[in-house]
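J.: the sequence and its predicted three-dimensional model are supplied below.
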Amino acid sequence: MDTILEILETIKPGADFASSTDFIEEHLLESMEILQLVSELNDEFDINITLPYIKPENFKSVESIYNMVQEILEDE
């Protein structure tokens, strides 16, 4: 999960991702930042996050992003 947090902090420096429980609701991630995050996650974890995974509940917290990545890794 540390890697995901590092990626998030690179995308939006200064945002408090570590203590946030809902990145979308708290406006920590906007649509363009989510697209950038998807690209970074694809590269970092050598995965392909496809459209069915790009939904708000998968980008609410570090934990939800981590769970999505793990699910994709298990499916590949």
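T.: In hand now; what should we look at?
J.: now stretch 8-22: average pLDDT?
T.: In this model, stretch 8-22 has an average pLDDT of 96.
J.: in that stretch, what counts as buried?
T.: Buried residues in stretch 8-22, counted by 16 or more other C-beta atoms under 10 Å: 8, 11-12, 15, 17, 20. Bear in mind the C-beta positions are built from the backbone N, C-alpha and C, glycine included.
J.: in TSV: the residues you listed, plus secondary structure.
T.: Below are the buried residues of stretch 8-22 laid out as TSV (DSSP: H, G, I helix; E, B strand; the rest coil):
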residue	secondary structure
8	helix
11	helix
12	coil
15	coil
17	coil
20	coil
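J.: farthest-apart pair in those residues, please.
T.: 11 and 20 (13.6 Å; C-beta to C-beta).
J.: contacting residues around the residue most central in space within the chain?
T.: Residue closest to the mean C-alpha point of the chain, counted by C-alpha atoms, centre = their mean, is residue 65 at 4.5 Å. By C-beta atoms under 8 Å, 6 or more residues apart in numbering, the contact set of residue 65 is 4, 37, 41, 58-59.
J.: can you rerun that using 7 Å?
T.: 4, 58-59 (C-beta atoms under 7 Å, 6 or more residues apart in numbering).
J.: from the chain's centroid, how far away is stretch 20-28?
T.: Remark: stretch 20-28 is offset 12 Å from the chain centroid, using C-alpha atoms, centre = their mean, to the nearest Å.
J.: and what of stretch 38-49?
T.: 10 Å.
J.: using CSV, write out every CA atom in it.
T.: Provided in CSV are the C-alpha atoms of stretch 38-49 (Å, rounded to 0.1, in the frame of the first residue of the first chain):
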residue,chain,number,x,y,z
VAL,A,38,-4.6,4.4,-13.6
SER,A,39,-1.6,4.9,-15.9
GLU,A,40,0.8,4.9,-13.0
LEU,A,41,-0.7,1.8,-11.5
ASN,A,42,-0.6,0.0,-14.8
ASP,A,43,3.1,0.8,-15.1
GLU,A,44,4.1,0.1,-11.5
PHE,A,45,2.3,-3.2,-11.1
ASP,A,46,2.5,-4.3,-14.7
ILE,A,47,-1.3,-4.7,-15.0
ASN,A,48,-4.0,-3.4,-17.3
ILE,A,49,-6.8,-1.6,-15.4
